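Trainee: Below: sequence and its predicted model.
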Amino acid sequence: MTAAEARSAELRDGRAVLVRPIGPDDKALVADAFHRMSDEARRRRFLTPATELTAEDLDYLTEVDHRRHEALVAIDPADGRLVGTARYVQVPGERDTAEVAVEVVDDWQRRGVATALLRALSERARQNDVETFRAYVSSDNAVVLDAIERAGAIRTGREGSELEFNVPVPRDGLGDRLRAALRAAASGQLLLAERVARRLGIWPRA
């Protein structure tokens, strides 16, 4: 997907969002979306109590190569604001595996924004030979853990207070298994784990 291939995605409530690749000009949109998240949402998704993203943070989050590090955004066409982001970062030494994270602003959760983003992100992953998504869920998030485990995601490890899961990226479409395994992301609860944050260069904070 390129900027020219941005597409409209219909959500469960009948509304639509525009899904497209992130770009350097999206820094203000990313910062605005971050400000619209609750303190708890920031803690769960970014593993930080910070109330601001630094200029360096915004560089790392928006200036991506769209191969090893891909990020897609969902935009509300009514006002042009960013309502969600999905990204993957390839794991060094595991070229076919990428860590995945989804963030959806609080007032757009449970509408299917994350599902739309993950469908498009899976397509980009396949184009870049990524076969497995690695996701992190907080160990105290029983609802999400139950959902992702019942859907067949494979638990592969632990990073501090986060549990690590692997989910195969399907060859055709999002796939029922992946959709179910990552449905928890519709409420924005897959983490931008510390490990991913370190790779993006935004950890630790001063």
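Mentor: In hand now; what should we look at? Numbers count the residues shown, from 1 in each chain.
Trainee: Residue 97 reaches residue 91, doesn't it?
Mentor: Yes - counting by Cβ atoms under 8 Å, residue 97 does reach residue 91; the two are 4.6 Å apart. For glycine as for every other residue, the C-beta is placed from the backbone atoms N, C-alpha and C.
Trainee: check which helix or strand covers the residue nearest the centre of the chain.
Mentor: When Cα atoms, centre = their mean is applied to the chain, the residue found nearest the centroid is residue 102 (2.1 Å). Here residue 102 sits within strand 94-104, counting by DSSP states H and E.
Trainee: Just the mean pLDDT for that strand, thanks.
Mentor: Average pLDDT, strand 94-104: 86.
Trainee: re the thing from before, tell me, what's touching residue 97 and residue 91 both at once?
Mentor: Residues touching both residue 97 and residue 91 by Cβ atoms under 8 Å, 6 or more residues apart in numbering: residue 134.
Trainee: Which other helices and strands does the one helix or strand residue 156 maps to contact?
Mentor: In the assignment (DSSP H and E), residue 156 maps to strand 154-159. On a contact count with 3 or more Cβ pairs under 8 Å, 6 or more residues apart in numbering; DSSP states H and E, strand 154-159 meets strand 162-168.
Trainee: pull the longest helix from this structure.
Mentor: If you go by DSSP state H, the chain has its longest helix at helix 113-127.
Trainee: Just give me how far that one sits from the chain centre.
Mentor: Here helix 113-127 is found 10 Å from its chain centre; the criterion is Cα atoms, centre = their mean, to the nearest Å.
Trainee: So in that sheet, which strands flank the next helix or strand after it, and in what orientation?
Mentor: Remark: after helix 113-127, the chain's next helix or strand is strand 132-138, criterion DSSP H and E. Looking at strand 132-138 with DSSP bridges, its partner strands are strand 94-104 (parallel), strand 162-168 (antiparallel).
Trainee: buried set for strand 132-138?
Mentor: For strand 132-138, the buried set under the neighbour-count rule, 16 or more other Cβ atoms under 10 Å, comprises 132-138.
Trainee: Name the pair among those with the greatest separation in space.
Mentor: Spatial extent of the buried residues of strand 132-138 (Cβ to Cβ) is set by the pair 132 and 138 at 20.9 Å.
Trainee: Just the mean pLDDT for stretch 70-85, thanks.
Mentor: 95.
Trainee: Turn the buried residues of strand 132-138 into TSV, columns for distance to residue 106 and pLDDT.
Mentor: TSV is the format used below for the buried residues of strand 132-138 (distance: Cβ to Cβ, whole Å; pLDDT from 0 to 100):
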residue	distance to residue 106	pLDDT
132	30	89
133	24	85
134	25	82
135	20	77
136	20	75
137	19	75
138	17	74
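Trainee: could you dump the residues you listed to a markdown table with distance to residue 166?
Mentor: Conversion of the buried residues of strand 132-138 to a markdown table gives the following (distance: Cβ to Cβ, whole Å):
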| residue | distance to residue 166 |
| --- | --- |
| 132 | 5 |
| 133 | 7 |
| 134 | 6 |
| 135 | 8 |
| 136 | 11 |
| 137 | 12 |
| 138 | 17 |
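Trainee: right, and out of the residues you listed, which lies closest to residue 117?
Mentor: Closest to residue 117, out of all of these and judged by Cβ to Cβ, is residue 133, at 12.6 Å.
Trainee: All set now, cheers.
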